[in-house]
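Q: curious how this folds, go ahead:
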Amino acid sequence: MEKKKAPSDRIAIGRLGAPKGVHGDLKIHSYSGEFEHFLKLKEVELVSTGIVERRLRLKVLRAEAGSEVLTMAFEGYPSPEAAQVLTGMDIVVGPEGIAPLRENEWYISDLVGLRIVAAGREMGLVESVLEGGPELWLEVRLPLGGTAVVPFKKEFVGEVDVAAGRIELLAPWILE
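A: Here you go, the predicted model:
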């Protein structure tokens with residue numbers, strides 16, 4: 001599940017896209033692919049992480065989910081021209097605003113700090129999760145120092161057990 005961790009245990013659940021219509025509504029890209037949790041939001045924090053980080057706390061005027069597109073409108077942004085300045089910002093919420101997880105789903109933030117284990121042997125610790133290309137990459141701190149990256153793909157990663165604090169590595173050679 002593609003979700004990013006935001007500062008102070010808040011989670012980015014989507015990104016604002018281009019305006020749609022004439023009333024300041026913006027298209028939303030949902031990181032989880034789910035729409036339902038957006039429809040319940042009354043207020044959101046918007047964050048841009050460009051050269052200068054920008055944070056806004058806005059009241060949600062409306063959120064609507066069509067068959068293929070989700071849109072939201074915010075107080076103070078009544079037209080497409082006004083709302084355009086919000087394009088590209090992440091929608092950040094606390095735990096109460098996130099989509100519920102299904103079996104075998106995790107938030108990226110849940111993976112950070114987990115032990116990487118292969119055949120009962122601890123191989124390292126997930127230091128961060130990198131996004132690049134079509135898959136995620138686990139940045140692993142190695143026991144003897146340094147880091148390595150592991151593609152978060154079924155060929156390399158087996159069982160993820162967040163409760164036990166570990167990720168099974170199917171291809172230990174990748175860290176040797």
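Q: so residue 81, which of the three states?
A: What DSSP: H, G, I helix; E, B strand; the rest coil gives for residue 81 is helix.
Q: just the pLDDT at it, thanks.
A: Listed pLDDT for residue 81 reads 96.
Q: contacting residues around it?
A: With contact taken as Cβ atoms under 8 Å, 6 or more residues apart in numbering, residue 81 is in contact with residue 19. For the C-beta atoms, the positions are set from N, CA and C on the backbone; glycine is no exception.
Q: so how far is residue 158 from residue 135?
A: Applying Cβ to Cβ, to the nearest Å, the value for residue 135 to residue 158 is 15 Å.
Q: now do residue 52
A: Residue 52 is 41 Å from residue 158, by Cβ to Cβ.
Q: the two: who's more crowded?
A: residue 158 (14 against 6; other Cβ atoms under 10 Å).
Q: all strands for this protein, in order.
A: 4-5, 11-19, 26-30, 43-49, 53-65, 70-74, 90-93, 115-118, 121-132, 135-141, 147-151, 157-161, 166-169 (DSSP state E).
Q: low pLDDT regions in the chain?
A: Scanning the chain for pLDDT under 70 picks out 1-8.
Q: domain-wise, how is it divided?
A: 4-96, 108-175 (automatic domain parsing).
Q: I'd like these as TSV, with distance to residue 102 appended.
A: TSV is the format used below for the domains of the chain (distance: least, Cβ to Cβ, whole Å):
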stretch	distance to residue 102
domain 4-96	10
domain 108-175	13
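Q: so residue 122 makes contact with residue 140?
A: No. Using Cβ atoms under 8 Å, residue 122 is not in contact with residue 140; the gap is 10.8 Å.
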